[in-house]
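Novice: what's the 3D shape of this:
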Amino acid sequence: MKLMKASSEESPRSGERLQKILAQAGVASRRAAEQIILEGRVQVNGQTVTELGTKADPFAVVPPGIRPEWYFLAMFHTLKLVPSHVLGIEGERLGVVAFAVAALFLVLVPFLDRRASRGESSRLFTVLAAGGLIYLVTFTIIGHYAK
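Specialist: From the prediction side, this is the model:
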């Protein structure tokens, strides 16, 4: 299991204990996370951590070479391409909000597409779905081959 940048390199934030980070990520409870750490199953910056109390910065920049699972590649690569600031808003925050709005839209499509209840197809939603699917497939492939 790989985690974030260790706080021994003096990041602007003080860092949090690894067991707290693991618990907040839903990996395990804090007690179970302590056991996972003691067993040597956690790595921070490529180094295995076996002592409790080690701190890491969960918001540190992702080190080079860390790749997400294939199903997150499109989102990960999109966030890499968003500029750092857009109209005074942090780029990463704007990207995450955009993905949240897209997810909300997907949840609301059955309520918005009134033609589907009559058995008719809606050209607008068909085009949006096809565009979204092409976008996800394209950016997943680009993310897979990106260095």
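Novice: for residue 10, give me the pLDDT.
Specialist: For residue 10, the pLDDT comes out at 44.
Novice: any stretches of the chain with poor pLDDT?
Specialist: 1-14, 62, 147 (pLDDT under 70).
Novice: ok, now with 50
Specialist: Across the chain, the ranges flagged by pLDDT under 50 are 4-13.
Novice: can you give me the helices for it?
Specialist: 18-24, 30-38, 73-81, 91-112, 123-145 (DSSP state H).
Novice: adding mean neighbour count, write those helices out as CSV.
Specialist: To be clear about C-beta, it is placed using only N, CA and C from the backbone, and glycine gets the same treatment. Output for the helices of the chain, formatted as CSV (neighbours: other C-beta atoms under 10 Å):
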stretch, mean neighbour count
helix 18-24, 19
helix 30-38, 16
helix 73-81, 17
helix 91-112, 12
helix 123-145, 12
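Novice: looking at the ones you listed, which is nearest to residue 56?
Specialist: helix 18-24 (5.7 Å; C-beta to C-beta).
Novice: for the closest one, which outside residues touch it?
Specialist: Residues outside helix 18-24 that contact it (C-beta atoms under 8 Å, 6 or more residues apart in numbering): 3-4, 28-30, 33-34, 36-37, 42, 44, 49, 52, 54-56, 58.
Novice: select from the residues you listed every entry located in strands.
Specialist: The strands, defined by DSSP state E, take in 3, 42, 44, 49, 55-56 from those.
Novice: ok, those residues vs residue 81, which is closest?
Specialist: Of all the ones in strands among the contacts of helix 18-24, residue 3 has the smallest distance to residue 81: 24.6 Å, by C-beta to C-beta.
Novice: chain center to stretch 100-116: distance?
Specialist: Averaging C-alpha positions (C-alpha atoms, centre = their mean, to the nearest Å) puts stretch 100-116 22 Å from its chain's average.
Novice: picking up where we left off before, taking the ones in strands among the contacts of helix 18-24, tell me the two that lie furthest apart.
Specialist: So, the ones in strands among the contacts of helix 18-24 by C-beta to C-beta: farthest apart are 42 and 55, at 12.6 Å.
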